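Asker: Below are the sequence and a predicted model; questions follow.
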Amino acid sequence: MTEIRPATLEDFDLAFDYIEKLWTYNTYDRDTVLGVYKNVLEGENDFAFFLFDDGKPMGFCHGTFFNTFWLSGQTCYVSSIITNADVRKKGYGRQLMDHAKSLAEARGCHAIVLDSGLPREEAHKFYEIYGFEKCAYCFELKL
């Protein structure tokens, strides 16, 4: 039986493991990520949750709500969504996204947006099957 559980401070090690697996091309300072994680847990515009199946973690999702002129109002940005590599294509990603979508609808969001690293082609297929459309390029400027 699957269950969505909000992330807690006690879940940090599990969240950190997912974060490192999602962006393998980055290196992470554990203490810095812990600070960000605490901010997410305390943020009124942030969410983070896990999906468990029979008590075993299957995936993680994190996002934030913000206002944008582009979409004329409240928008949900899914920053992180990942399932265990050995259980992909078994519906867990859809369950994570469905829950994020429910949270976004409850907040009155006009859309969910996300970006995805260019090498993550399998994830891109999932997003398109789910109903997302390619609408922009993502750029970053590290400071």
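Answerer: Good, I have the coordinates.
Asker: If you count neighbours, what's buried in stretch 32-50?
Answerer: Residues of stretch 32-50 classed as buried under the neighbour-count rule (16 or more other C-beta atoms under 10 Å) are 37, 40-41, 46-50. C-beta coordinates here come from the backbone N, C-alpha and C atoms, glycine included.
Asker: farthest-separated two in those residues?
Answerer: Asp46 and Phe50 (14.8 Å; C-beta to C-beta).
Asker: check contacts around Ser116.
Answerer: 123-124, 127 (C-beta atoms under 8 Å, 6 or more residues apart in numbering).
Asker: what's the closest of those to Phe65?
Answerer: The shortest distance between Phe65 and any of those, using C-beta to C-beta, involves Tyr127 and amounts to 19.2 Å.
Asker: Now do the closest one, the pLDDT please.
Answerer: Per-residue confidence (pLDDT) for Tyr127: 95.
Asker: can I assume it is in contact with Leu114?
Answerer: Yes: applying C-beta atoms under 8 Å as the test, Tyr127 and Leu114 come out as touching, 7.1 Å apart.
Asker: What strands flank the lengthiest strand in the chain, and is each parallel or antiparallel?
Answerer: In terms of residue count, the longest strand belonging to the chain (DSSP state E) is strand 56-68. For strand 56-68, the paired strands and their directions (DSSP bridges) read strand 46-53 (antiparallel), strand 73-83 (antiparallel).
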